[in-house]
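**Student:** My questions concern the predicted model and sequence given below.
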Amino acid sequence: MFYYLLFPLLALVVNLIIKRNKILLNNVQLSHQKLTNIHVPSVGGYFLIIPIIVFFYKDNIFFSTISIFIFLLGVFSDLNILSSPKKRFFIQLILVLVFVFLKKIEVLPTRIDYLDTIFLNTYWSYFFTVFCLMILINGSNFIDGLNGLLLGYLLIILFIIYKLNLFNHINISTDQITFLIYICFIILIFNLSNQFFLGDSGAYFLSFFTGFILIEIYSMHKELSPYFIILLLWYPCFENLFSILRKLIKKRSVLKPDNEHLHQLIFILIKNKFTSHNLFANILSGLLINFFNFILLYWGSTNPYNTKFQLSLFLMAIFFYVIIYLIIKIYLKNLIISLKE
């Protein structure tokens, strides 16, 4: 109980010290639209990495080491020391490749006979795992454009896993995961109140941690449908894949950021249709998206062993994503045309 009371007080004091001394400060950008001239530190990841590394270091030294490097890569990005998306992507790829190949991590079985036959070749299965982790890490960084969106989504995943008691056999106790969920919730409150951001450091690290945990859980619980794990991660991964496809169609660089992601379009829609207050529109957009995802993932958790059920939910989620994206895109396009007239 002492640690539960200490953590929010510590986070508040450290955040005040960082702001006063102007450490790790960035101009506030909400969905790539400037909010005010105030500065918000990108330190959310710092409050996450320390307890997670403490929990895992003894039993997962290699995971902890790679996590620290991935976190530091995000720190260099937050500080604009490493501003090139191509260089960051390449370093991410090297770190994930080293992690997967040396730790021999495989996402098997997929329950797709054709793929499972291909993945009998271990190297192909390793490359598939690398692909999945890279999509998750970069997709998670994409959705971190709204306050609370990424952290809230990953908090939903942790809650679902906790609800199903799937943390057993992965060297983390119930008390530890309860405290971790509590930490994420406190950081979420700070993030929603615009006290600090996760930053690239927090987004990279937390998504890598979540991906590793889910792979470990699936390797220990093969009775689970692999599509339940896919469903848990569907939103950041599909956001990334959809963005890549969209940019390829428009002949744009897939590594160059833009403001045409679904969460950004929802933010623009709410801001223009319902409120002109950026922060309120920002928070409301994230809450709406996470409300949908909570319903979807909770529904999926009612039968995590049924592949047809999980696949149906996954396809339904993609259908709603594409339809909502196209409707908002057309509406905003017509709105711009009408304003010009």
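**Tutor:** Cool, the structure landed. Residues are numbered from 1 along each chain as shown.
**Student:** got any ranges where this structure has weak pLDDT?
**Tutor:** Under the criterion of pLDDT under 70, the regions of the chain flagged as low confidence span 1-3, 21-39, 58, 108-122, 169, 171, 337-341.
**Student:** Output the contacting helices and strands for the helix or strand hosting residue 297.
**Tutor:** Using DSSP states H and E, residue 297 falls within helix 278-301. When contacts are defined as 3 or more Cβ pairs under 8 Å, 6 or more residues apart in numbering; DSSP states H and E, helix 278-301 sits against strand 25-30, strand 33-41, helix 149-163, helix 226-232, helix 234-249, helix 262-273, helix 307-340. Every C-beta, even on glycine, is put in place using the N, C-alpha and C of the backbone.
**Student:** nearest to residue 83, of the ones you listed?
**Tutor:** Comparison of those against residue 83 by Cβ to Cβ identifies strand 25-30 as nearest, at 12.3 Å.
**Student:** mind checking the backbone torsions on residue 261?
**Tutor:** phi -80, psi 160 (degrees, to the nearest 10).
**Student:** circling back: okay, the helices and strands packed on helix 278-301, which one's buried deepest?
**Tutor:** Among the helices and strands packed on helix 278-301, the stretch with the highest mean neighbour count (mean count of other Cβ atoms under 10 Å) is helix 226-232, at a mean of 23.
**Student:** Quick one: distance of that one to the chain centre.
**Tutor:** Helix 226-232 sits 15 Å away from the centroid of its parent chain (Cα atoms, centre = their mean, to the nearest Å).
**Student:** Quick check: residue 203 vs residue 44, distance?
**Tutor:** Taking Cβ to Cβ, to the nearest Å as the criterion, residue 203 is separated from residue 44 by 9 Å.
**Student:** So residue 251: helix, strand or coil?
**Tutor:** Three states are possible here, and by DSSP: H, G, I helix; E, B strand; the rest coil the one that applies to residue 251 is coil.
**Student:** phi, psi of the residue positioned nearest the centre of the chain?
**Tutor:** The residue lying closest to the centre of the chain (Cα atoms, centre = their mean) is residue 140, at 3.1 Å. Backbone dihedrals for residue 140, given as degrees, to the nearest 10, come out at phi -60, psi -40.
**Student:** right, and it touches residue 238 too?
**Tutor:** No. Counting by Cβ atoms under 8 Å, no contact exists between residue 140 and residue 238, whose distance comes to 11.9 Å.
**Student:** In TSV: the helices and strands packed on helix 278-301, plus distance to residue 95.
**Tutor:** Putting those into TSV (distance: least, Cβ to Cβ, whole Å) gives the following:
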stretch	distance to residue 95
strand 25-30	24
strand 33-41	25
helix 149-163	20
helix 226-232	22
helix 234-249	18
helix 262-273	26
helix 307-340	28
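**Student:** quick one: which of the ones you listed is nearest residue 4?
**Tutor:** The closest of these to residue 4 is helix 149-163. By Cβ to Cβ, the value is 16.1 Å.
**Student:** can you list contacts of that closest one?
**Tutor:** Helix 149-163 is contacted by residues 44, 140, 143-144, 167, 177-178, 180-181, 184-185, 187-188, 191, 198, 202-203, 206-207, 210, 213-214, 217, 232-233, 235-236, 263, 285-287, 289-290, 293-294, 297-298, 300-301 when judged by Cβ atoms under 8 Å, 6 or more residues apart in numbering.
**Student:** show me the contacts for the closest residue to residue 138 other than its chain neighbours.
**Tutor:** Nearest in space to residue 138, with sequence neighbours left out and distances taken as Cβ to Cβ, 6 or more residues apart in numbering, is residue 240 at 5.3 Å. Residues near residue 240 by Cβ under 8 Å, 6+ apart: 135, 136, 138, 139, 142.
**Student:** Same check on residue 275?
**Tutor:** Contacts of residue 275 by Cβ under 8 Å, 6+ apart are 281, 284.
**Student:** May I have the phi/psi pair for it?
**Tutor:** Torsion angles at residue 275 (phi, psi; degrees, to the nearest 10) stand at phi -150, psi 150.
**Student:** any idea how far it is from residue 282?
**Tutor:** 10 Å.
**Student:** likewise residue 224?
**Tutor:** Taken as Cβ to Cβ, the spacing of residue 224 relative to residue 282 amounts to 35 Å.
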